[in-house]
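Task: produce atomic coordinates for the following.
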Amino acid sequence: MRAVAKEDLKDIGEFLGFVDISYPELVPELQHWHTMLIQGYLHNKFFQKIRKQSKSFGQGYKLRNSILYFTMDNQVQLWVPDSADCNVHIKNGLLDKIHQSLGHASHSQTCHTLASHFYWPNMAKDTFEYCRTCGICQLTKQSTQRPFGLLKPLPIPERPFTHISMDFLFLPQVTNKTMQVSHDHVWVIVDRFSKYMIILLLSLNYTAEHLINVYNNSIYSFFGLA
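The predicted model follows:
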């Protein structure tokens, strides 16, 4: 990671002032974050595209002193690039600090507060995953999930082929050179009473009508309809 040069001092000052407005607890880490932002921008294809557009940075984006901002609806948000260092240190650091400063609020409130100053793609998803796995929230908060219903077991069959179960499995494409037919699925049908299993090969791009014909020829013709 490169050292902070003199020409970066103005960038750091603006970056510190931008974030320090609402989150003074972030100040000790910001100079380190600033360097990671610059490095992340250098290897980000979207940033390079914005930079090549010269003065017309594109609607909703503003480039100022090597820092990219997302501007929309009278809001200015610092755009955090997608890089290994930024993901681990900046994004997780922001989520951790802001979530704690809000008293471990919900993911929607955490995301709303975060989005008032910062922006990156999939921010809502990242915030939801962070809050969902927060250890303190899991220990102290009550679940908002409605009570689960009672189990409803399947009825116990009294004779063979009154109840069947089935599943479709993928397999590498197999070609029968003799019949000139290719198969890439397996249809597994199991009689729940006797556990008798029937395995059927399915051709490519099968349809519901084809499944009915296969079932009639391979199951119904032998075992009937109980």
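
got the buried residues for the longest strand along the chain?
Using DSSP state E, we find that the single longest strand of the chain is strand 164-176. For strand 164-176, the neighbour count (16 or more other CB atoms under 10 Å) marks residue 164 as buried. Glycine gets a C-beta too; all of them are placed from N, C-alpha and C.

repeat for stretch 89-97
So, applying 16+ other CB under 10 Å, buried residues of stretch 89-97: 90-91, 93-95.

before we move on, back to that, now do the helix or strand following the longest strand of the chain against strand 164-176, angle only.
Using DSSP states H and E, the helix or strand that follows strand 164-176 towards the C-terminus is strand 181-191. Between strand 181-191 and strand 164-176, the angle comes out at 160 degrees (axes from the mean of the first three to the mean of the last three CA atoms, to 10 degrees).

Next, the residues that contact whichever strand or helix holds residue 109 from outside, please.
Element membership for residue 109 (DSSP H and E) is helix 107-115. Contacting residues not belonging to helix 107-115 are listed as 77, 94-95, 98-99, 102, 105, 123-124, 127-128, 130-132 [CB atoms under 8 Å, 6 or more residues apart in numbering].

Show me where the chain dips below the pLDDT cut-off.
Along the chain, the parts satisfying pLDDT under 70 run over 1-29, 53-59, 65, 179-180, 225-226.

ranges for the helices of it?
Using DSSP state H, the helices found in the chain span residues 9-20, 27-42, 45-52, 84-85, 92-101, 107-115, 123-132, 135-140, 208-215, 221-223.
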